[in-house]
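[1] My questions concern the predicted model and sequence given below.
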Amino acid sequence: MALSKKCDLCLLDEPSAYLDVEQRLIVSKVIRNVAEVKGISVLVVDHDLLFIDYLSDRLIVFEGEPALHGIEKGPFSMEEGMNHLLKDVEISLRRDDQSGRPRINKPGSVKDREQKAAGKLYYA
């Protein structure tokens, strides 16, 4: 509903909540398309890395302790922001060879170790 309103900036809080994986991909494409067609900016707050990956061009990362203190960092390009975030949560992402979808590497796997050694946690 928020995307249907006349605005320059649309704020969406957890738009992927309660959706399955396929629905999340569809919603991310709809949000991106509406923003492009209307020529607006959309600020999305979400915790789903797959959803954010499909939807976003830029990323703001928040650090700190929930409800106590925090600091925002960015905005970053997706690569820089995701590398920053993934380093903090100690994971690395690759693209699935067949589907092209993001996949979290198994901690300590060859791919995980290679990407961490190169400092490229986001699709090396």
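    Alright, I've got the coordinates.
[2] Look up the closest residue to the residue positioned nearest the centre of the chain, ignoring the ones flanking it.
    Nearest to the mean C-alpha position of the chain, by Cα atoms, centre = their mean, lies Ile52 at 2.6 Å. Spatial nearest neighbour of Ile52, chain neighbours left out: Asp46 (5.7 Å); criterion: Cβ to Cβ, 6 or more residues apart in numbering. Just so you know, the C-beta spots here come from the backbone N, C-alpha and C atoms, and that holds for glycine as well.
[3] picking that back up, give the contact list for the residue nearest to the centre of the chain.
    Val44, Asp46, Leu59 (Cβ atoms under 8 Å, 6 or more residues apart in numbering).
[4] Just the ones of these in helices?
    Using DSSP state H, no member of the contacts of Ile52 sits in helices.
[5] Distance-wise, check the residue nearest to the centre of the chain relative to Val45.
    10 Å (Cβ to Cβ, to the nearest Å).
[6] ok, back up a step: got a pLDDT number for the residue nearest to Ile52?
    Per-residue pLDDT puts Asp46 at 94.
[7] same thing with Asp53?
    At Asp53, the pLDDT recorded in the model is 88.
[8] Quick one: list the elements packing against the longest helix along the chain.
    In the chain, taking DSSP H as the definition, the longest helix is helix 21-38. Judged by 3 or more Cβ pairs under 8 Å, 6 or more residues apart in numbering; DSSP states H and E, the packing partners of helix 21-38 are strand 41-45, helix 49-55.
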